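>>> Below is the sequence, then the predicted model.
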Amino acid sequence: MKEKIISEMLDFSPVSEKERDAEQIIRPSVRYWPEVWKRLFRNKLAVLCIVIIGLILLCAIIMPILSPYEFDEVSLFESGLKPSAAHFFGTDASGRDLWTRVWIGARASLLIGFLGALTPFIIGTMIGAIAGWYGGRIDMIIMRVCDIMLCIPSMIYMILILMVMGGSVSSLVVAMAISGWMGSARGFRGRVLQFKNKEFTLAAKTQGASAPRIIFRHILPNILGNIAVGLSGAVPGAIFMEAGMAYIGLGVTPPNISLGQLSTDGITYFMSPTKFHLFLYPSLVISIMIFAFFMFGNALRDALDPRLRDEEYNAKRMRKIKRGQKREARKLGKAAV
Amino acid sequence: GTTADKTSNAGNSTAADAGNNTADSENATPTTTESATTDTTVTETPVEQETLDTFRFVATEPNTLNMIESTSNLDTYVFYLTSAMLYRSIDGVVTPEVCDTLTVSDDRMTYTYTIKEATYSDGTKITADDFVYYLVKKYLTSENCTYFVGGEDTYNNSLETCEGIYSVDESTFVITMTSPIVTFNGQLEIYPLQKAFVEAKGEALGGTPADLLYSGPYLLTDWVVGSSMTFVKNDSYINADTLFPTQNLTLVVSSDASTTYSMYQNGEVDAIINVNKDLYELIDQADCTYYSADSLWGIEYNTTGFTYTDGDGFVSRGDEVSALMKNLNFRKALSYAINRSAVAAVVDPTSTVADRYVSTSVKGTGDAAYVDEYTLENTAPLEGDAEAAVGYLNAALAELGYSDVSQLPELSFLTFDSASQSMYVETVVSLWKSVLGLENVTINLQPIQSAIMSMVYMNYDIYLQQLSMNPDDMLEQLGFWKTTGGVSDVAGFQASGVPSFMASMHADEAYDTLVTDAYTEFDDAARFSMVQQAEQLLYDSYTFFPAMAGGGYYATKSYVEGYYSTYGENGYGFANLVVYAH
Amino acid sequence: MAESGATKQEILLDVQNVKKYFNLGHGKRLHAVDDISFQIRRGETLGLVGESGCGKTTVGRTLVQLYEADGGKIIFQGKDIVPMTRLQRKKEQLTKKMQMIFQDPYASLNPYFTVGEIIGEGLEIHKIGADKKERLEMVYELLDRVGLHKEHANRFPHEFSGGQRQRVGIARSLALNPDFIVCDEATSALDVSVQAQVINMLIDLREKMNLTYLVVAHDLSVVRYISDRVAVMYLGQLVEIGAVDEVYDHPMHPYTIGLLEAVPVADPDYEKDRKITMMKGEIFSPVNPRPGCRFATRCPYAAEECSSMTPLLQSVGGDHFVACHHPVR
Amino acid sequence: MEQKKERLIDVKDLEVSFMTANGEVKAVRGIDFQLDKGETLAIVGESGCGKSVTIQTIMRLNLEPPAVIKGGSITYTNSEKNIKVDITKLNNKQMQAYRGKEFSMIFQDAMTSLNPTSKVGRQIVEAIRKHTALSYMEAKKNAIELLGKVGLPNPEAVFSRYPHTMSGGQRQRVMIALALSCNPSILFADEPTTALDVTIQSQILDLMNTIKKERDMGIIFITHNLGVVARMADRVAVMYAGQIIESGMLREIFYQPKHPYTWGLLGSVPELKKSENKRLLSIPGTPPDLFAPPKGCGFAARCPYCMKACLDYMPGEYSITDSHFARCWLLDEECSTRITPPVGRAVNTGDSDDGVFKTKRKEN
Amino acid sequence: MIKYVAKRLLISLATVWAIATICFFLIRLLPGNPFIVANPLDITNAEKMMEYYGLNDPVWMQYVRFMNSLLHLDFGYSLAHAGRSVNEVIAQYFPVTAQLAIQAMLFGIPTGTLLGILSAYKRGGSVDIFAQLMTILTTAIPAYVLAAILQLVLSVKLGWFPASGWETQKYTILPTLCLSLGMISGHCRGMRTLMLEVGQQDYLKTAKAKGLSEVRIIFFHQIRNALLPMVTNLGLEIAGLLMGSFVIEKIFSVPGLGKYFVNSINELDYTMAMGLVVFQAVVVVAANFVVDILYVLIDPRVKLD
Ligand SMILES: Nc1ncnc2c1ncn2[C@@H]1O[C@H](COP(=O)(O)OP(=O)(O)OP(=O)(O)O)[C@@H](O)[C@H]1O
Ligand SMILES: Nc1ncnc2c1ncn2[C@@H]1O[C@H](COP(=O)(O)OP(=O)(O)OP(=O)(O)O)[C@@H](O)[C@H]1O
Ligand SMILES: [Mg+2]
Ligand SMILES: [Mg+2]
């Protein structure tokens, strides 16, 4: 730019409009979600979490099939074995192979995690959408019901449903749905309200779009990010909830097993010199699982926020500059010596 | 303190006689020799050694301190501490406490008590009326009322008085029975209960320490439910200076094994009443003492072919299931398939395998236990017998016309949702699967109330039953299987509308006669042989298959002496308890 | 523009005593639009000016049925649309005939839709065009009409500049081939140079597609430039309405005068010599208003009857109406 | 020109960039301007051309990072207080003494610029006490006085009101009071009236003019509205794509604009007073992406008079008068293209040639 | 203001009534008979008790009775534990729960908030990383495992605190710590997000333009505004805490209401469960009520309506 401009270089002939397109967009087209994925996959921790979740999923699916043991197969004379080549995680008091049980349990926990997060969310979303969109009396009634149900301890729903339906994955999911829809209903209602009077919603209305179309085609994509983050937080929440219920004695009923159940059963061996593995492995797997989901949620939130990326970039840049300065200083110091 | 026992023992020869006749055999718990050794250690200990005035122990807290409403054994341990009794059993030795004399008529139907001067902690006198009041309130239940003269009338009309239980004067009262009963020796756990106090408290009775009147060795000063109970020595207690030397007791509640362990390890507590299987391997074995098995686990098969539904009353369970469960060979197949000793060891290392319906701590005619003196025949091997089991199964299949186990109808195995119960059931179901190839058994875990409800209404095919065994009364548990109250026939059941506990599985007139007659048979050998016959009948029917005796351990620190566990899983007792400085 | 011609033309929209109240709860009602009447002839552009919050947007939105009117009649092409049910309106295809251009070019385009999807949405909803491909062709044509390229159809709104976005908004409103368009501050969020682009485009389109506009704006010069007639609103009521030049050159209502005086003019010499009278005083609350002229609190000429009697629109000659007890001559 | 006033701000070749993960946004690309005491400089230009960044750089309000001052200097002089500093060299701590005291700022949206949970009076007192040693009561007295001065009725009551209870105009007055609280020598106003109604805008502009005269401050005024410029400014700088493409006295810019962008800008304003409607001049297209600014003239792609040279080389500054310069190749003496500007009017500035003015290239 | 408070109060009362009603019917739906205990010899006794307590009456009659007792604020006596009055239980054990909750809050909320502020202030710094790590650990490890670890380390190995029980102040430390860990991470995360959100606001730029120091901006402008939304969540949080954490109470043998509550439902102790539910409802509603009022008082933007 600072080069000297000499007259010979200048060509004062006019340029036609075609040659200089004023309306063109130079930057390549960016789609939101691909961009988010790209950002997500650039985050090493997120990738690690995805790998962990994938591994756990894979293990839960195939490990029980590959294992030579049935998860509920009692072997009275192999009681409480320590981990070995035959039993990777050892055996429990009845001689059942813990490795198989952990992965069978992980199946249940993952199922509870996903369904238990998704079901209340879907129900809540529907109800919240109705409340937010129609407003007025309907909204008031729904919100009041929400308030009231929020004040009732979820333990009551849980115990009630588990007692009536028996402890199984499906009853846990139902219980979670009944005790958990209020949160997402409130959240979604707020979002619908926020977007209801946005100009693009009104524009869609003037185009003749129906309420469901506006809610699900226009509003939903706008909050998909929040939803994704919320859901990725709700999955470990549901897994945890199941573990908590198991601790109270309301988990899935035997012979079925969940990680939460295994881990709460194992807690009694926390200080046991011989059966520590019964505590260690289930708790470890459940912790890793929750850790992975949780971190994934965090990473997703970061990926959804493009500001963060700039910030990280700048932080990195500043660090580099500082390092450079230090190096310079060192060099100068050496030179001085 | 031991001399005091001896004197009070000697001073009441009548009572001791009456007691010893029966109690020698029935009143068990640790043997006399054991208690003798304890005594010697105490006397040998140098007196100079400093003692502490507080004993802290982990135990389960009672449900209520309301003596009348209480239904749980857990409650009685507190009553032992807070109430005086007519007779007190210290480490297995029964000695009179408030009782001065007990005269038993020759026909063993009239019991006359005179009582000593004793007071409640508030200074009021303990009178004969207080004992009468307690007996009427507590003992005249639908089960027991028939034993007392006029008892039925009192029970049915909810009266306050009973013809057969009355006081003569302030220090004398009389019990008259309708027939002599071998298990009643006049030394029951009878406490004084002051009517005025009970009525003043109303519903609040026994809710908090203030809602209780104390006459026993300790006052309950503080009860933080779910956390702790604090006892302080009661100075107005009749034997205040002799029997219970330790000043304070603290019962610590802990429902978490590792917490309990931490506390014990830290020295926060001096003893643990029930070292359950989770704690067993953690705690120094030297500290642990075994106490005999007093709960019986067994597998109950529903052979009635009926079930109760709310709308229709008792209806048939469905031909297939009912025919299957009625098939003796099938039940035998199921029973033989179980390696009971291994399962017991796996489910609870502190337990023992059981093959009888009577507690092993019941003594026989000689020094040996009853169960060793009077054995049963043709019992299933404790290790199970896979071959025999398969044989029985095939026989059953042939009888019922099935060609393969997989064709059998779905059976449900009911129990309540405690960890051990469910583990037992899981293990057994898995064994059935591997030994018999039986895959159609589903586990039905329910909260305890619903489980019992389902059991009572016969909504099960197989049920894992846990019964507590009264070592003082071997007939009590045998009575469970008597066909009482016309409930053996379902028609009667339907007519009464009220289902009766455990009436379902066993209906055998010969058995009923044996058990009923044993109650009035005062000759030990004859009674034991009747009991043995009854047991054999019950066993052979394979309606209730004994499996495991939930015994246990208690742990005490080495510096504690005179503490022992009584029968029952969570009981506690003290014999001149001393805690040495450590 | 062609005022004289317009008078003879059919009345496209006849607004009679329309009211729109907002319930604020607790018995409070905000009279956002209170008894407004005007007519728009086919091919004509009516400008609606007034201060922020005076109810301009509410009028526009009520006309395109984003709000339900609380009273009065809106006669569109001879039919009163106020009492119609949703189904009837659907049958009348009112959404096709009446469209709206929104103020904020950023908020009015759904960021998750491509420009093609945004423009084509109405076509899709009303099932215009045989298939996707045909609709896409229509979208290309619309893009072309607003000076954008075919390639832009696959882009997302955030990739466009404000002016381009607003043109997308215009293309969307044109997609259904409407008769009547409400332009709600269509240019106020834009840069001056871009604003001119959009204004020019609106004018061209009006000519080409025989459109009728209601132009809502608070920029008086824009309104003057684009409209045939202008209506001045103050707190939910019309205070003056008439042909543009008439109203701008000979304003009669004190509020209109004040408004016109306050507008800064891009001419330093003019500004230097300009004398400005400031409007002072409290602004009247449109919540549960009392009768009387709503401008009375700020009016330099307010007399007694002004605060008790609501002035009605009265002709002050020809097409020029003023609602004032003491119009300034 | 009248008598030479004291120079407050001298910006030289200022370059500011934002470092983003997608690349560097060259928001300000080498600008020069000055501000004298008692003078109002208006900066106009398309949205995103760097107006706000420029003045926020002078106050060092941009977050650094992502903002980086890539080059140039900003010299602030105040002879009364004996200050002469290069602001770009100050750190945040040092800068705190200048903000509020020497420079203050009014933002566009007074609603979001005032702390919603703090009483407006407190917010003013806070500023006063930061820069003076006054006690709370004295500061409060000052604040109330100021609130009265900016035309808020009943200033005592206003003092303890919260921002949300006030109207937009009132809030903007509070902002002005806040900006004046420490008697700064320069006031930056970033579109202070854009969010307001014309009637309110008129009042605020009037107020600012009065205050300027009273205090003899320098004002830098950013706006889109050429009407407002005409009413407020002494000098005008027209910015485009991070550069000042034309700058001059008010009348020079309005009546003798030299840059095609300025022509477009002026030509696109619909006029309130004229009845005859001539078609508005508009500028087609969109401004360049500052991620990758063109190597030539930023305006070239949209310029109807675009020449080859415009696409290849950035035009230098061409001085038309002492105070007036523009960056356009059309002004080059070697350029033969002669264009009659579509806007402006001949005024007595010594330039007889209808705006078609040719001059020598400056070497830069 | 008075009108607002009165109206809130009325709504609160209605809410309590609605909760009590719903819970009454929900709890009655539970199958089983509360008087059957582990080893009953006589089911007729249980039946007799049902009769005695009127539990065989039509449900509406029981409901009327219940409502009547509710009006008299007398919840009666426990069915499962004779002699235990529900009111007394609440009076005795709620303070324990409250003490634990308050201690946990007093420790957890400021700590969490401070951590959140610090980690937002120096995003990516060491405090931030530590806070994030802690958040992750406390959320990923089940509470009962965490409690057991704390017990092992701080009690058995180091002997600093008693492992369990509720006697002197020393006993409260471990459960408090356990309970507050989750709170710390929750508040840390919430505060961090809010701080960053507020950090984007224009008025901080104004504050900076006034020449205020960074510390003052953060403390007087940023934190203050970030704290406000945190208050709204406080209602449910306090309420949740005040009902006690079953897990913590069980592990540390803390005699709190949480354990009581779970046990009462498990034992089908209708009167106890109902009493505790209604009490909880009152606590929740009251907490929300207080927070609502508080919010009006501290956030000038909230309009009374
Ligand atoms: N949905 C609504 N609920 C309640 N009040 C509303 C609603 N929409 C608008 N209002 C109120 O109605 C009045 C008129 O609003 P409107 O948006 O029509 O004004 P406007 O003239 O378009 O203003 P602007 O120039 O700011 O766009 C305002 O006081 C506004 O606060
Ligand atoms: N924090 C930032 N990060 C990246 N780019 C930024 C940042 N702030 C401003 N910019 C870019 O700097 C350029 C100039 O912005 P600036 O805010 O100065 O424009 P402006 O002239 O004030 O526009 P407007 O009239 O809309 O206020 C814009 O292209 C903008 O995208
Ligand atoms: Mg509007
Ligand atoms: Mg700006």
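Great, that's in hand. Ligands and ions are numbered 1, 2, ... in the order given.
>>> how about the residues of the stretch 101-250 of chain C that lie near chain A?
Neighbours of chain A within the stretch 101-250 of chain C, by C-beta under 8 Å from any C-beta of the partner chain: C:102-104, C:107-113, C:121-122, C:125-126, C:147-149, C:152, C:154-156, C:159-160, C:164, C:169, C:172-173, C:175-176. C-beta coordinates here come from the backbone N, C-alpha and C atoms, glycine included.
>>> could you flag which of the residues you listed are buried?
Burial of those was assessed by neighbour count (16 or more other C-beta atoms under 10 Å in any protein chain shown); the buried members are C:102-104, C:107-110, C:112-113, C:121-122, C:125-126, C:147-148, C:152, C:155-156, C:159-160, C:164, C:169, C:172-173, C:175-176.
>>> Could I get the full set of helices for the stretch 151-300 of chain C?
C:162-175, C:192-209, C:220-226, C:244-249, C:254-262, C:268-273 (DSSP state H, counting those that start in this stretch).
>>> is any part of the second one close to ligand 2?
If I follow you right, that is helix C:192-209. No. Contact between helix C:192-209 and ligand 2, assessed by C-beta under 6 Å from any ligand atom, is absent, since the two come no nearer than 10.9 Å.
>>> Give me the angle between that helix and helix C:162-175.
For helix C:192-209 against helix C:162-175, the angle between stretch directions is 20 degrees (axes from the mean of the first three to the mean of the last three C-alpha atoms, to 10 degrees).
>>> Tell me which residue in the stretch 101-250 of chain C sits closest to ligand 1.
With C-beta to the nearest ligand atom as the measure, the residue in the stretch 101-250 of chain C that lies nearest ligand 1 is residue C:218; the distance is 5.3 Å.
>>> could you measure residue D:239 against residue D:33, distance?
From residue D:239 over to residue D:33 the distance is 10 Å, taken as C-beta to C-beta, to the nearest Å.
>>> Compare these two and say which is more crowded by neighbours.
Between residue D:239 and residue D:33, counted using other C-beta atoms under 10 Å in any protein chain shown, the more crowded position is residue D:239 (24 against 18).
>>> Please determine how far the closest residue to residue A:302 other than its chain neighbours is located from chain B.
Excluding its sequence neighbours, the residue lying closest to residue A:302 (C-beta to C-beta, 6 or more residues apart in numbering or on different chains) is residue A:308, at 5.0 Å. Separation of residue A:308 from chain B (C-beta to the nearest C-beta, to the nearest Å) stands at 42 Å.
>>> Helix or strand: which one has the residue in the stretch 1-150 of chain E positioned nearest to ligand 1?
As assessed by C-beta to the nearest ligand atom, ligand 1 sits closest to residue E:4 within the stretch 1-150 of chain E, at 20.6 Å. Secondary-structure element containing residue E:4, defined by DSSP states H and E: helix E:2-28.
>>> Just to check, the residue of the stretch 1-150 of chain E closest to ligand 1 is in contact with residue E:302?
No. Using C-beta atoms under 8 Å, residue E:4 and residue E:302 do not qualify as a contacting pair, with a distance of 10.0 Å.
>>> which bits of chain C sit near chain B?
Taking C-beta under 8 Å from any C-beta as the contact definition, chain C does not meet chain B anywhere.
>>> how about the strands in chain A?
In chain order, chain A shows no strands, with DSSP state E as the criterion.
>>> cool, chain C as well?
Using DSSP E, the strands of chain C run over C:11-25, C:28-41, C:45-50, C:71-76, C:79-80, C:98-101, C:180-184, C:212-216, C:229-234, C:237-243, C:314-315, C:321-322.
>>> need those strands in a markdown table with mean pLDDT and distance to residue B:53, can you?
Converted to a markdown table, these look like this (pLDDT from 0 to 100; distance: least, C-beta to C-beta, whole Å):
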| stretch | mean pLDDT | distance to residue B:53 |
| --- | --- | --- |
| strand C:11-25 | 87 | 69 |
| strand C:28-41 | 88 | 74 |
| strand C:45-50 | 91 | 91 |
| strand C:71-76 | 89 | 89 |
| strand C:79-80 | 88 | 97 |
| strand C:98-101 | 90 | 89 |
| strand C:180-184 | 91 | 88 |
| strand C:212-216 | 91 | 91 |
| strand C:229-234 | 92 | 91 |
| strand C:237-243 | 91 | 92 |
| strand C:314-315 | 86 | 105 |
| strand C:321-322 | 91 | 103 |
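>>> Make TSV out of those and add mean neighbour count.
As requested, the strands of chain C are exported to TSV (neighbours: other C-beta atoms under 10 Å in any protein chain shown):
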stretch	mean neighbour count
strand C:11-25	17
strand C:28-41	20
strand C:45-50	26
strand C:71-76	18
strand C:79-80	12
strand C:98-101	27
strand C:180-184	26
strand C:212-216	26
strand C:229-234	25
strand C:237-243	25
strand C:314-315	12
strand C:321-322	24
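>>> Now render the ones you listed as TSV, adding distance to chain D.
As requested, the strands of chain C are arranged in TSV below (distance: least, C-beta to the nearest C-beta, whole Å):
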stretch	distance to chain D
strand C:11-25	16
strand C:28-41	16
strand C:45-50	9
strand C:71-76	27
strand C:79-80	34
strand C:98-101	17
strand C:180-184	14
strand C:212-216	12
strand C:229-234	11
strand C:237-243	11
strand C:314-315	22
strand C:321-322	19
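>>> and of the ones you listed, who's closest to residue E:278?
Counting by C-beta to C-beta, residue E:278 lies closest to strand C:11-25 out of these; the figure is 30.8 Å.
>>> which intervals of the chain have sub-threshold pLDDT?
As the question left the chain open, I've gone with chain A. Scanning chain A for pLDDT under 70 picks out A:1-10, A:17-30, A:335-337.
>>> meant chain E actually
Across chain E, residues meeting the criterion (pLDDT under 70) sit at E:31-32, E:36-47, E:243-244, E:303-305.
>>> next one: the stretch 151-300 of chain B
Counting by pLDDT under 70, the stretch 151-300 of chain B contains low-confidence ranges at B:293.
>>> For the residue in it that ligand 1 sits nearest to, give me its contacts.
Of the stretch 151-300 of chain B, the residue with the smallest distance to ligand 1, taken as C-beta to the nearest ligand atom, is residue B:226 at 53.9 Å. With contacts defined as C-beta atoms under 8 Å, 6 or more residues apart in numbering or on different chains, residue B:226 is in contact with B:61, B:253, E:93, E:249, E:253, E:254, E:255, E:256, E:259, E:260.
>>> Next step: these restricted to helices.
The members of the contacts of residue B:226 that map onto helices under DSSP state H are E:93, E:249, E:259, E:260.
>>> just checking, residue E:27 touches residue E:276?
No. Proximity of residue E:27 to residue E:276 does not meet the contact threshold set by C-beta under 8 Å, at 10.5 Å.
>>> Between those two, point out the one with more neighbours.
Relative neighbour count places residue E:276 above the other of residue E:27 and residue E:276, with 28 against 20, counting by other C-beta under 10 Å.
>>> do the helix or strand containing that one and chain A meet?
For residue E:276, the host element (DSSP H and E) is helix E:270-298. Yes. In this structure, helix E:270-298 sits against chain A according to C-beta under 8 Å from any C-beta; the contacting residues are E:277, E:280, E:281, E:284, E:285, E:288.
>>> So which elements touch that helix?
Here helix E:270-298 is seen to pack against helix A:136-151, helix E:2-28, helix E:86-121, helix E:224-242, helix E:257-266 when contacts are counted using 3 or more C-beta pairs under 8 Å, 6 or more residues apart in numbering or on different chains; DSSP states H and E.
>>> try 6 Å
helix E:2-28, helix E:86-121, helix E:224-242, helix E:257-266 (3 or more C-beta pairs under 6 Å, 6 or more residues apart in numbering or on different chains; DSSP states H and E).
>>> any idea how far it is from the chain center?
On the basis of C-alpha atoms, centre = their mean, to the nearest Å, helix E:270-298 is displaced by 10 Å from the centre of the chain it belongs to.
>>> That helix: which residues count as buried?
Taking 16+ other C-beta under 10 Å as the neighbour-count basis, helix E:270-298 is seen to contain the buried residues E:270-289, E:291-292, E:295-296.
>>> for chain D, what are the nearby residues on the stretch 151-300 of chain E?
Among all residues of the stretch 151-300 of chain E, those adjacent to chain D (criterion: C-beta under 6 Å from any C-beta of the partner chain) are E:202-203, E:205-206, E:208-213, E:221, E:224-225, E:300.
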